[in-house]
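[1] mind looking at a prediction? Sequence and model below.
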Amino acid sequence: MTLILGIDPGSRITGYGVIRQVGSRNEFVACGCLKVGEEDMTDRLTAIYKGLREVIATHLPLECAIEKVFLGKSADSALKLGQARGVAIVAAANSGLSISEYSARQVKLAVVGKGAAEKHQVQHMVKLLLKLDEIPQADAADALAIALCHANTRSSLVRMAGSAVRRGRVR
């Protein structure tokens, strides 16, 4: 059993999602959004750091998956996203979590089966895959999707390693 924290970084809203991977099954644990609003950037980054440290302390995940930075609408928004992402990585690293990074395309492909999927498709598949009663808020759904992508990648690597051992390729 492994607890995985998924993070969808944002300079105004950072989504988080925690899932439990038990064998090949993934179970919902928690999700939510850290809404830091319109404060100055230093205060927003501090709030993201503190909020994620609290989520980590509450749920005690062992692994963290986070979305890679993509070029946004402007250089300024990409820079702010990068800062929020950096703070999230530091919060996870300072808590001793192993950290993996995935592009938005990788996440959509893992969860929806289509790398160009739209937000509502990701939300719908997260609801189905985790057997949720309702569709999570968009940023929380993205964070859960990132955690699911990591869980799928993790399972594939374990299967591949097991297959190589059975064939005598690993010594």
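    Sure thing, it's come through.

[2] buried residues, the helix or strand harbouring Tyr16. List them.
    Element membership for Tyr16, per DSSP states H and E: strand 13-22. Residues of strand 13-22 classed as buried by neighbour count (16 or more other CB atoms under 10 Å): 13-21. Backbone N, C-alpha and C define where each C-beta goes, glycine included.

[3] make sure Ala147 is indeed in a strand.
    No - assigned with DSSP: H, G, I helix; E, B strand; the rest coil, Ala147 falls outside any strand and is helix.

[4] once you drop chain neighbours, what's closest to it?
    With CB to CB, 6 or more residues apart in numbering as the criterion, Ala147 has its nearest non-adjacent residue at 3.0 Å, and that residue is Gly6.

[5] next: Arg154.
    Nearest to Arg154 is Gln21, by CB to CB, 6+ apart, at 7.0 Å.

[6] verify the stated contact: the one you found with Met1.
    Yes - counting by CB atoms under 8 Å, Gln21 does reach Met1; the two are 7.0 Å apart.

[7] so where do the strands sit in this structure?
    Here the chain has its strands, by DSSP state E, at 2-8, 13-22, 25-35, 63-67, 98-102.

[8] and the contacts of the last one?
    Under the contact criterion CB atoms under 8 Å, 6 or more residues apart in numbering, strand 98-102 has outside partners 62-68, 89, 92-93, 110, 146, 149-150, 153.

[9] what stretches of this structure score poorly on pLDDT?
    71-72, 155-171 (pLDDT under 70).

[10] please repeat the previous calculation with a cut-off of 90.
    1, 23-24, 37-39, 69-79, 115-116, 154-171 (pLDDT under 90).

[11] residue closest to the middle of it?
    Gly6 (2.2 Å; CA atoms, centre = their mean).

[12] show me what that residue is bridged to.
    When assigned by DSSP bridges, Gly6 has beta-bridge partners Gly17, Ala65.

[13] for Glu134, see how far away it is.
    Per CB to CB, to the nearest Å, Gly6 is found 18 Å from Glu134.

[14] buried set for stretch 23-41?
    Using 16+ other CB under 10 Å as the test for burial, stretch 23-41 gives 26, 28-34, 36.

[15] who touches it?
    3, 11-21, 43-44, 47-48, 51-52, 55, 58-59, 80, 83, 129-132, 136-137, 139-141, 143-144, 147-148, 151, 155.

[16] out of those, which are buried?
    Burial of those was assessed by neighbour count (16+ other CB under 10 Å); the buried members are 3, 11-21, 44, 47-48, 51-52, 55, 80, 83, 129-130, 136, 139-141, 143-144, 147-148, 151.
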